[in-house]
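# could you look at this predicted model? Sequence included:
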Amino acid sequence: MADRKIRRYGVTLVEIVIITAISSMVLTMAMLIMTRTTRHFKKGTDMVNIQRLMDSIVERIRTDVRSLKRIVPQECNATSFSFFAIRDGTEKKIRYTYDADTQTLFRNDENRQSNFHGSRQVQSFLFKPELDSAGNFKFLNVAMQLMSDEKGEGTASTLSIACQFYSTCVEPELRISNLRKNQTRK
């Protein structure tokens, strides 16, 4: 009976330690991949949200400035731009104001105020209207930098842009009555 081999059915302590080490390495690698994937997904989502906000601000300013008739020079500076625009056949006052303390851009149209749902996301904003030698509006330069509002690891995503906006209504012969005459002729 001495030739009989003894069969073991258990595992040794060394085998348990090796399995634990391999398992912890696999789990650590999986956690690193998940963390990086989550971080990249957050960055992508942040950029999409910032791009959406920037698009809404640029499109709103573009629409307003296209119908700009005249500016209010005493209310125009680096952080504020005020003008009259033609809306529904009448001139209406529109004012954009950047508040650096709250990092928010405001649009005021006949006592209705909007902040583009971008509170604390506008890191910087600059208005610079260009005038001709007679003091008439030529175009508006705008520079802005937006920052994501999402909380999380790492630095916040930022997006910057500089634009020029032109008016289609600053011609001196353009009058509401002339527009109505032209419409009735057609």
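Here it is on my side, so go on. Residues are numbered from 1 along each chain as shown.
# what are the buried residues along stretch 74-81?
76, 80, 81 (16 or more other Cβ atoms under 10 Å). (C-beta placed from N, C-alpha, C; glycine too.)
# sort out for me which of the residues you listed are in strands.
80, 81 (DSSP state E).
# what sits against the residue nearest to residue 167 when sequence neighbours are not counted?
With Cβ to Cβ, 6 or more residues apart in numbering as the criterion, residue 167 has its nearest non-adjacent residue at 4.0 Å, and that residue is residue 68. Applying Cβ atoms under 8 Å, 6 or more residues apart in numbering, we find residue 68 in contact with 83, 84, 85, 137, 140, 167, 169, 170.
# ok, now residue 162?
141, 142, 143.
# buried stuff in the helix or strand harbouring the first one?
Under the criterion of DSSP states H and E, residue 141 resides in strand 137-147. Neighbour-count burial for strand 137-147 flags 137, 139, 140, 142, 144, 145, 146, 147 (criterion: 16+ other Cβ under 10 Å).
# so which of those comes closest to residue 105?
Checking the buried residues of strand 137-147 against residue 105 with Cβ to Cβ, the nearest one is residue 144 at 7.6 Å.
# and the longest helix for the chain?
Scanning the chain for the longest helix, with DSSP state H as the assignment, gives helix 13-66.
# where's that one relative to the chain centroid, distance-wise?
19 Å (Cα atoms, centre = their mean, to the nearest Å).
# pLDDT (mean, whole number) over it?
In this model, helix 13-66 has a mean pLDDT of 92.
# quick one: that helix to strand 137-147, angle?
Taking axes from the mean of the first three to the mean of the last three Cα atoms, to 10 degrees, one finds helix 13-66 and strand 137-147 inclined to each other by 160 degrees.
# show me what helix 13-66 is packed against.
When contacts are defined as 3 or more Cβ pairs under 8 Å, 6 or more residues apart in numbering; DSSP states H and E, helix 13-66 packs onto strand 80-87, strand 104-109, strand 137-147, strand 158-166.
# save those as JSON lines, and put in distance to residue 120 and mean pLDDT too.
Below are the helices and strands packed on helix 13-66 laid out as JSON lines (distance: least, Cβ to Cβ, whole Å; pLDDT from 0 to 100):
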{"stretch": "strand 80-87", "distance to residue 120": "19", "mean pLDDT": "92"}
{"stretch": "strand 104-109", "distance to residue 120": "7", "mean pLDDT": "93"}
{"stretch": "strand 137-147", "distance to residue 120": "8", "mean pLDDT": "93"}
{"stretch": "strand 158-166", "distance to residue 120": "13", "mean pLDDT": "92"}
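# what would the ones you listed look like in JSON lines with distance to residue 55?
Shown next, in JSON lines, are the helices and strands packed on helix 13-66 (distance: least, Cβ to Cβ, whole Å):
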{"stretch": "strand 80-87", "distance to residue 55": "19"}
{"stretch": "strand 104-109", "distance to residue 55": "14"}
{"stretch": "strand 137-147", "distance to residue 55": "11"}
{"stretch": "strand 158-166", "distance to residue 55": "10"}
